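# Pasting the sequence and the predicted model now:
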Amino acid sequence: MKRFIFFLLMIFISAPAVLWADGKISEDTGACLECHTSSHPGIVADWKKSRMTKITPAEALKKTEFERRISVNKVPIELAGNVVGCAECHTMNPERHRDTFDHEDYQVHTVVTPQDCATCHPVEVGQYSKNIMSHAHINLNNNPVYLNLMETINGQQSFDGVKTTYKKPDAKTNADSCNYCHGTKVEVQGVEARDTEFGELEFPVLKGWPNQGVGRINPDKSSGSCTSCHTRHHFSIEMARKPHTCSECHKGPDVPAYKVYQVSKHGNIYSSLSKEWKFDSVPWAVGKDFTAPTCATCHVSFVTNEDGEVVAKRTHQMNDRLSWRIFGLIYAHAHPKSPLTTIIHNKAGLPLPTELTGEPAAKYLIDTEEQGARRKTMEAVCLSCHSHGWVQGHFSRFENTIKVTNNMTLTATEILLSAWEKKVAKGLSENDSIFNEAIEKKWMEQWLFFANSTRYSSAMSGADYGVFANGRWYMSKNIQEMIDWVEFKMEKKH
Amino acid sequence: MKRFIFFLLMIFISAPAVLWADGKISEDTGACLECHTSSHPGIVADWKKSRMTKITPAEALKKTEFERRISVNKVPIELAGNVVGCAECHTMNPERHRDTFDHEDYQVHTVVTPQDCATCHPVEVGQYSKNIMSHAHINLNNNPVYLNLMETINGQQSFDGVKTTYKKPDAKTNADSCNYCHGTKVEVQGVEARDTEFGELEFPVLKGWPNQGVGRINPDKSSGSCTSCHTRHHFSIEMARKPHTCSECHKGPDVPAYKVYQVSKHGNIYSSLSKEWKFDSVPWAVGKDFTAPTCATCHVSFVTNEDGEVVAKRTHQMNDRLSWRIFGLIYAHAHPKSPLTTIIHNKAGLPLPTELTGEPAAKYLIDTEEQGARRKTMEAVCLSCHSHGWVQGHFSRFENTIKVTNNMTLTATEILLSAWEKKVAKGLSENDSIFNEAIEKKWMEQWLFFANSTRYSSAMSGADYGVFANGRWYMSKNIQEMIDWVEFKMEKKH
Amino acid sequence: MKRFIFFLLMIFISAPAVLWADGKISEDTGACLECHTSSHPGIVADWKKSRMTKITPAEALKKTEFERRISVNKVPIELAGNVVGCAECHTMNPERHRDTFDHEDYQVHTVVTPQDCATCHPVEVGQYSKNIMSHAHINLNNNPVYLNLMETINGQQSFDGVKTTYKKPDAKTNADSCNYCHGTKVEVQGVEARDTEFGELEFPVLKGWPNQGVGRINPDKSSGSCTSCHTRHHFSIEMARKPHTCSECHKGPDVPAYKVYQVSKHGNIYSSLSKEWKFDSVPWAVGKDFTAPTCATCHVSFVTNEDGEVVAKRTHQMNDRLSWRIFGLIYAHAHPKSPLTTIIHNKAGLPLPTELTGEPAAKYLIDTEEQGARRKTMEAVCLSCHSHGWVQGHFSRFENTIKVTNNMTLTATEILLSAWEKKVAKGLSENDSIFNEAIEKKWMEQWLFFANSTRYSSAMSGADYGVFANGRWYMSKNIQEMIDWVEFKMEKKH
């Protein structure tokens, strides 16, 4: 260890930039490494394995546009010649970062943000800002209906011997649950001094930290977190392309994409044979680099055939190959036009993309033409390995399933509305939460768990999740249980 | 791309068969590749990696019977000398295929069937025809009881303000759910003309397509689909032998074999160490090629010891190493004699292998002697790695678990029968569905989810699924909830 | 095969010990192999791949203490020079083993125990004896409350037309469920003679066998089973360090550690990138050998940084890096001082570490200081890759979640207590089981499934399991359903 530090010190004296494993590291990054190599060995080791240390931005710019992984035409001269290290990201845009602090004479910030990454990756950051995920914090926390759902889940209930009372959840609980994926709001609360092995040092105290949620609100006012998927500090494209990354947030009963993938033919091929695939080729050639899609293939990656002909362009707006939003709120619907969904209001005045009875809040949603265009983009990927008839058959069934599951959600909603009307449960007209009573929770499961699960199953061909594993079986059973619940409550009234 | 097509054209002119990567491809297959290499690159790339392109049938016949992967003694002369390519399968038996269509002067069919595969693999296709799975479509769709179960799951329910009504499910929903695994009936509905990059072409329009379910009814009247497990177009034996293939249909709560395997010692060894195993050896030598079983090892594969002594012969009738059918319908029972189970009727006249109260419909089921023989076949596999005492202990517990779970199903059934008798639910005597009311759905979960899960857990030693993960805990709880349900309904009546 | 046996016989005649693949095997082990290589090829092949055959104890002692995998300073001279084979373990301590039997003139026992392993690994066995897991059989089976829980789960229920009756479960059922992981009591029941390919031989008949549960009671009176994690006969450290080993018992809804890990960032990195890691280095260097933790990293392994500086010492007392026991019984609490938890009694006299209303039975539990020390040990692992602020933020949320989930358990408990008081359910004062009625089962799910799941989710950062996948959603819903249940029962009474 000591010899290594000595070695680093020696070369810092003689040169402004030194040769790292493969590339040149800046003097500033060298200074970071002096201490952090020993205090956080895992971070440094991870970064050393990353592409960031293998190639400088200047060298990257020499590659063809197809192969290039940065999307600027020109990199600021002071960044071009060194590999991207600690200092390059953690001292970027210091004036915009409220979490900037003076650290051994460097203006360092803890939370690296999409705004920082945009220095080299502006196209991806721009696309991502149109991705609903980048607004996941706001879309959940600033929508009164969804916020109330979160509160009835996370809020503590107490019992007074007769009835229960809900208390609003604390911020730590929200950060530990919904906002773990949706993103927290990271704020500087103050500063604390701390004894370290390098003497007393001052650090900012951050609220909402740690977090790597997709819609995180950052101390530089940007939103999103690239490391949700591009896990630091390796930033491995292999990892971003593997389905385990998506599974961090897309495995639960509300959005069981990963589970469905696992039992699909695609997932089976991935699990059985992907050890032979090349996960780091850019572009990604179907047949040559891989023989079945992962999540990224269909939803994100720049895919070509073996001859380099484009199958699908790279996108970080992940719904631009998707015509339907199958995540029901409360019904599946055409994708919203704006990624900021808090602007949406249905005719009843609720901040929802459909009426309670299913009619879409059409003016906020993409039209049939745009839906067709997006489906076509997706079909281009399917057609790499499937015939036209296969693809048509698949989508025809999928759209039928959207209709049927919406109908089954409607039936559940009608039972709930009748419960409200019969005054056996309190709903909108009593200005009561629509998620706090047992029958309302059953209703929510109908669409958020069972209809969603069935649609994901259909979209990605993992049939179990459309039948017995949270699928149609539960939609069917739930309706009978809702009916019984109303009956029992009516009985009590009389 | 273009140069490649040109190259292909050149050699087609000069020779009837050309050298592919490893083997000779036929002129017909070469013609397919001319266009399909570019229109469906994934399919072609997959096939190029397959064993099909590495060896001709004639060369295969030179191998010993142990190592050989085809089961004919003689291959038709016109097929023997070329590797098996597009044309070999998709133009096989054209007169038998209702989906045959004229395609660039070839008589092509879309759906390759077991009858086609039997040209080289007749023994496997013969065995598979005795496998219950090959009749999975008929066994489900033509059995009035199971069909009704499917209808109450997949049929839409509507609510009229008081009660719910079931509607029969549409064919697309059934294809998207139960029949995804059980197999659809694939039928030619007509023909459509379509503009392609090669001009206007005509294609058959298929109903029930796509599908790769194990009991698919094919346009050539055969049933089954080899690609359920032998995923096209790689047909990788490695993949067929890995548990992910089975998990496509055997992971849900009704048949959680894969989940149980994952938490078993066997599954743990597979997950932790199988990267060193050889998955493509034929025969498959325990200890040398692998050190713990996958699904295929115990249920399908030709297994030997390191010295080539036979441990178990290959079978595609997957129950011939199984003495019990632990998938309760509604009780676990000795395996049916006939793979076509629609012929079975219990004494009460229901198309079930047991009475509602559990007594087996013995004349349709294998007898104790045959059960013993099958268990012995399985034990030979176990004994490769376990002592006699271990194996006896295991099976003794397993058979005890069959009894106990059947008893717990009986208790649930008795509660249901009492509900019918007390007229708080409508059952057989009212000629009403036995799956449509809430208590009937609870009853179904008792055997299809909880008793099944417990038995799979026991059979394959993954204890979690026999206790808290859909196992005994739920069997026990469900009975209490059924009792309460009857009580509440009785209360209402009075 | 025969030639191989002949070869073995030849060399046995000429030398007391022979060269195996890499090391010398003893004459006794050679004798075992004569027959068992052919009768159980899987076992022998597995063992041949193990480190046991690569190095003799004498050679192991020459390694540095850091690298050494045995923890004795001296190995008995008769064991030092040969690799550890069949005879070394299965004839160790014959006089202590009630399962010792005469087998071809050797005193052999079937069940190898921690006492046997302690010959070379005494430190690990000593640590493990302080691990709660080593008492898992007794802690469950000898605690009247937990035993009653087991009995209400595993016991058969019968129905007499009005009510249900529980029967005590049989031993095979318990062995097939709870005791599969907790460990059975293995006892010698008698002896049976059996025809083998080597003539008639006598073997002991063991009750409670097979089993590899962590707290198994062995025929030599020791408790525990090293092969729970160190799967025989490969004893692969790679396997013990991979999360699949822990998943055998830690995946169910009561203790979903593995499921949480899978959707955590750590689990994602493991699933995506671990094929490049070194799983067999001792010590295990963070950054160099691996870049994200598995279960073993945080809870067991000897971890250093790349320069060999100790991050965490190896422990087989798996709670000495844990300040809280988040597995609620019925509330999360400070870890018990003694691994034998049957000694614990709360003020109400119940054998539980907390009162029914949550106050800890403090004198049996570690104090705040010890909790702090254990947290510090764990934090050292975290700090390898995370900043101080990150780690503090994480633990602050985690401890908040412990409080909130305990409160939600308290609310459920208060509802149950009120049900008992109102005489709609029978509880402690009626001397009735607290787990047999539907509302009691709901109550148990509140803490054993939903609160536990939420805490594991928080501890290991897999948010789904703290929200919709058995987490806060179910805690919240369950309370509403418990309230409704009481209401319905009260209705009936009136």
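Right, received. Where do you want to start?
# what comes up buried for the helix or strand containing A:D46?
Secondary-structure element containing A:D46, defined by DSSP states H and E: helix A:41-49. Within helix A:41-49, the residues that qualify as buried by neighbour count (16 or more other Cβ atoms under 10 Å in any protein chain shown) are A:P41, A:G42, A:I43, A:V44, A:A45, A:D46, A:W47, A:K48, A:K49. Just so you know, the C-beta spots here come from the backbone N, C-alpha and C atoms, and that holds for glycine as well.
# Farthest pair within the residues you listed?
With Cβ to Cβ as the measure, no two of the buried residues of helix A:41-49 lie farther apart than A:P41 and A:K49, at 12.7 Å.
# circling back: and the helix holding A:D46, what does it pack against?
Helix A:41-49 sits against helix A:27-39, with contacts defined as 3 or more Cβ pairs under 8 Å, 6 or more residues apart in numbering or on different chains; DSSP states H and E.
# and the helix it packs on, is it in reach of chain C?
Yes - in terms of Cβ under 8 Å from any Cβ of the partner chain, part of helix A:27-39 sits within range of chain C, namely A:S38, A:S39.
# So which bits of that helix are buried?
By 16+ other Cβ under 10 Å, the buried positions in helix A:27-39 come out as A:D28, A:T29, A:G30, A:A31, A:C32, A:L33, A:E34, A:H36, A:T37, A:S38, A:S39.
# what two of these are the furthest from one another?
Using Cβ to Cβ, the two most remote members of these are A:D28 and A:S38, lying 18.1 Å apart.
# Identify, by residue count, the longest helix of chain A.
Taking residue count as the measure and DSSP state H as the definition, the longest helix of chain A comes out as helix A:388-421.
# now the following helix or strand past that helix: how far from the chain's centre is it?
For helix A:388-421, the following helix or strand on the C-terminal side (DSSP H and E) is helix A:438-444. Remark: helix A:438-444 is offset 26 Å from the chain centroid, using Cα atoms, centre = their mean, to the nearest Å.
# same question for helix A:438-444, mean pLDDT?
Within the predicted structure, the mean pLDDT of helix A:438-444 is 98.
# So which other helices or strands are in contact with it?
helix A:388-421, helix A:472-493, helix C:472-493.
# tell me what the next helix or strand after it is packed against?
Downstream of helix A:438-444, the next assigned helix or strand under DSSP H and E is helix A:452-460. Using 3+ Cβ pairs under 8 Å, 6+ apart as the contact criterion, the secondary-structure elements in contact with helix A:452-460 are helix A:257-263, helix A:388-421, helix A:472-493.
# hmm, try it at 7 Å
The elements that helix A:452-460 packs onto, with contact taken as 3 or more Cβ pairs under 7 Å, 6 or more residues apart in numbering or on different chains; DSSP states H and E, are helix A:257-263, helix A:388-421.
# what about the nearest residue to A:N73 once chain neighbours are set aside, how many neighbours?
Computed as Cβ to Cβ, 6 or more residues apart in numbering or on different chains, the closest residue to A:N73 that is not its neighbour in sequence is A:L61, at 7.7 Å. Counted with other Cβ atoms under 10 Å in any protein chain shown, the neighbours of A:L61 add up to 15.
# Dihedrals phi and psi, A:T297?
phi -50, psi -50 (degrees, to the nearest 10).
# Report how many residues lie close to it.
Residue neighbour count, defined by other Cβ under 10 Å, stands at 22 for A:T297.
# list the contacts for the closest residue to it other than its chain neighbours?
With sequence-adjacent residues excluded and distances taken as Cβ to Cβ, 6+ apart, A:T297 is closest to A:V303, at 6.1 Å. Residues in contact with A:V303 (Cβ atoms under 7 Å, 6 or more residues apart in numbering or on different chains) are A:P283, A:W284, A:V286, A:T297, A:V311, A:A312, A:V381.
# Give me the average confidence score over whichever strand or helix holds A:A373.
Taking DSSP H and E as the criterion, A:A373 maps to helix A:368-382. On average, the pLDDT along helix A:368-382 is 98.
# got the angle for that helix vs helix A:388-421?
Our comparison of helix A:368-382 with helix A:388-421, counting by axes from the mean of the first three to the mean of the last three Cα atoms, to 10 degrees, yields an angle of 130 degrees.
# Can you name the residue of the stretch 251-400 of chain A nearest chain C?
Here the residue of the stretch 251-400 of chain A nearest chain C is A:G252; by Cβ to the nearest Cβ that distance is 3.9 Å.
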